[in-house]
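Quick one: sequence plus predicted model below, questions after.
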Amino acid sequence: MSEFGSQINDTSPEFFYRVTDRLQMESCLTALAQDSKSVVIYSQSSELLDYYGAAFVRRIKQKLTHSQVEIFMPRDTEAMLERFNKLLNALSLDIATASRMGNSPDKVWVVYDANALGAHELQLLTRLVQQFPGAGVSIVLMFSSETTQNDDVTRPNKQFVSWGLDLPTSEQKLTAIQQARKNGQEELATQFFAKLTKAASKKAPAPSTVEAVAAPRRPASKAAPQKKKAIQIWAWLLGVGGLLLISMLMALWLNPDVWPKVIAQFEDTYYQVTGQKKPKAVEPKEEIITETAAPKDEAGNPMPPANAEAAKTANEGGTTAPVANAPATEANASATTQTPASTPAPTPAPPIAAVAPAAPEPAPPAAKEPAKLVTELPDVAVSGRQWLRKLPDDSFVLVHKSFARVKDAQAFIKGKDYLVNARIAPVYKDDKDEARFAVMTGHFRSKERASNTISRLGLPAEVAITPTALAVSQSQLKKPKP
């Protein structure tokens, strides 16, 4: 369409090799001039679109002397839409929507190379023309037939009339040249058709000599249409399968809790088909490490480490060992044994004076330290923490209740419809190493929406509205300061 602008002011005669083209031009011109209709012109040939489009614009200028005709390029679409909005702002709604049947338009906007417009811009422009005929604006859209945009405009829109241009056949060319010869315009007609032929030859390369000679001798292949149809079916199946796969992956990415269920379903199906025995799943258990209580004496007081070790060794050997620093008894100091007459009596050892120190005062019972609880973070809590991190920082979540064990949190969720999409996230408070597990739902863009949800569902008063940033911070274990 590079020569469109120069052909508008061309005074050369118009050649119609088809009677329908002449009738179509007159019909479109009448609909535009009398009922303010809009026109869509389309053709496979750019030269034909330039030639007859310019001729149609010349006819509009000759017939509609009081209408303003303007040419717009695709890059001027935004300016054209702004001008249309300004026209609507100056009119009332009743006038803007009033029909202009029997009246010519005030303005005619010719959109050059309309298939270069974006789909959104084209849809907006045609909708404005259809819904506000009282603005007095009619448009002429010129499309290349290689696109289907012209069908999208004319089919659902009664405000538009269409005109399609086809390349001439050999018989039509000959008839048009003979008619031009009678009018003394044979040379101009010959130049016109030569230009069309040259442009058409550039778009469609001619087949080689070998193919041209061998083509009539080749038998028609019956398998070609079937093969083409099979390729189309396979392409359609692959496209649908790809879309399903993408949608499933997106759903799993947005709902990470569903992924373990899907894997478990596939495993169950696999073991059912193969007949193999499914191994039992090992559930994560909470590890509890407790300190061993110190041994106590008969009075219930804790024993010192040395005495406790001695007592333990004696008990394992089956005898009772004396306790260090205990007062010596008379039986222990003068213990002697009887020997047979045939055995000489051993010389008794000199007695050793045992100094018995004062008995130490019993120490007060030491306070029993609570057993330390070390809990591994379950997968569901790790998943809940990842869900919190993905939420916007300026949003809010509802904390329904927190528990010391994940099992208690899961039991709390069961049977409650409003907790179907709840998540379990860890919460570390008061600089403790042990995490509690909070049941959360959300997210909410504002605190008011979260409060309205609590009121609408009639949730208990213990449900708290917590900022997402605070919940993310509490889900992390605080490192001790050095």
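Cool, the structure landed. Residues are numbered from 1 along each chain as shown.

When you work out contacts or count neighbours from here on, use the C-alpha atoms and nothing else.
OK.

remind me, longest helix of the protein?
When the chain is parsed with DSSP state H, its longest helix is helix 223-254.

C-terminal to that one, what's the next element?
helix 258-274 (DSSP states H and E).

which of the residues in that following helix are buried?
In terms of neighbour count (16 or more other Cα atoms under 10 Å), helix 258-274 has no buried residues at all.

That helix to helix 223-254, inter-axis angle?
130 degrees (axes from the mean of the first three to the mean of the last three Cα atoms, to 10 degrees).

In the stretch 301-450 of the chain, what residue spans correspond to strands?
Secondary structure of the stretch 301-450 of the chain (DSSP state E, counting those that start in this stretch): strands at 396-403, 423-427, 436-444.

Hmm, I typed the wrong one, I wanted the stretch 101-250 of the chain.
Using DSSP E, counting those that start in this stretch, strands in the stretch 101-250 of the chain cover 107-111, 137-144, 160-165.

And the second one, what does it pack against?
Other elements packing on strand 137-144 under the criterion 3 or more Cα pairs under 8 Å, 6 or more residues apart in numbering; DSSP states H and E are strand 38-43, helix 46-63, strand 107-111, helix 119-131.

If we use 7 Å, what do you get?
With contacts defined as 3 or more Cα pairs under 7 Å, 6 or more residues apart in numbering; DSSP states H and E, strand 137-144 has these neighbours: strand 38-43, strand 107-111.

what's next to stretch 66-75, contact-wise?
105-114, 116-117 (Cα atoms under 7 Å, 6 or more residues apart in numbering).

In PyMOL, how would I select just the buried ones from the residues you listed?
In PyMOL, a selection of the buried entries from the contacts of stretch 66-75 looks like this (16+ other Cα under 10 Å):
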select buried, resi 105+106+107+108+109+110+111+112+113+114+117
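
Looking at the contacts of stretch 66-75, spot the one nearest Asp431.
Among the contacts of stretch 66-75, Leu117 lies closest to Asp431 (Cα to Cα), at 62.4 Å.

Please report how far the closest one lies from Ile41.
Distance from Leu117 to Ile41, counting by Cα to Cα, to the nearest Å: 15 Å.

Run a quick neighbour tally on the closest residue to Asp393 other than its chain neighbours.
Leaving aside its chain neighbours, Asp393 sits nearest to Ala469 (5.2 Å; criterion: Cα to Cα, 6 or more residues apart in numbering). For Ala469, the count of nearby residues is 17 (other Cα atoms under 10 Å).

now Tyr51
The burial count for Tyr51: 19, using other Cα under 10 Å.

Quick one, grab the pLDDT at it.
Tyr51 is assigned 86 on the pLDDT scale.

From Gln34, how far off is it?
24 Å.

quick one on the thing from earlier: single out the most deeply packed of the strands of the stretch 101-250 of the chain.
strand 137-144 (a mean of 24; mean count of other Cα atoms under 10 Å).

tell me the phi and psi of Thr65?
The phi/psi pair for Thr65 (degrees, to the nearest 10) reads phi -70, psi -20.

one step back: can I get the strands of the stretch 101-250 of the chain in a markdown table including mean pLDDT?
Output for the strands of the stretch 101-250 of the chain, formatted as a markdown table (pLDDT from 0 to 100):
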| stretch | mean pLDDT |
| --- | --- |
| strand 107-111 | 89 |
| strand 137-144 | 87 |
| strand 160-165 | 88 |
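
closest one to Ile263 among these?
Between these, strand 137-144 lies closest to Ile263; by Cα to Cα that is 51.9 Å.

Show me how the record splits the protein into domains.
Domain assignment for the chain, taken from automatic domain parsing, gives 4-167, 379-474.

Go through those domains and name the closest to Pro260.
domain 379-474 (10.2 Å).

Would you tell me which one of the strands of the stretch 301-450 of the chain is buried the most?
Most buried among the strands of the stretch 301-450 of the chain, given mean count of other Cα under 10 Å as the contact rule, is strand 423-427, at a mean of 27.

Show me what that strand is packed against.
Counting by 3+ Cα pairs under 7 Å, 6+ apart, strand 423-427 packs on helix 379-390, strand 436-444.

circling back: in JSON lines, list the helices and strands packed on strand 137-144 along with distance to Leu243.
Formatted as JSON lines, the helices and strands packed on strand 137-144 follow (distance: least, Cα to Cα, whole Å):
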{"stretch": "strand 38-43", "distance to Leu243": "34"}
{"stretch": "strand 107-111", "distance to Leu243": "37"}
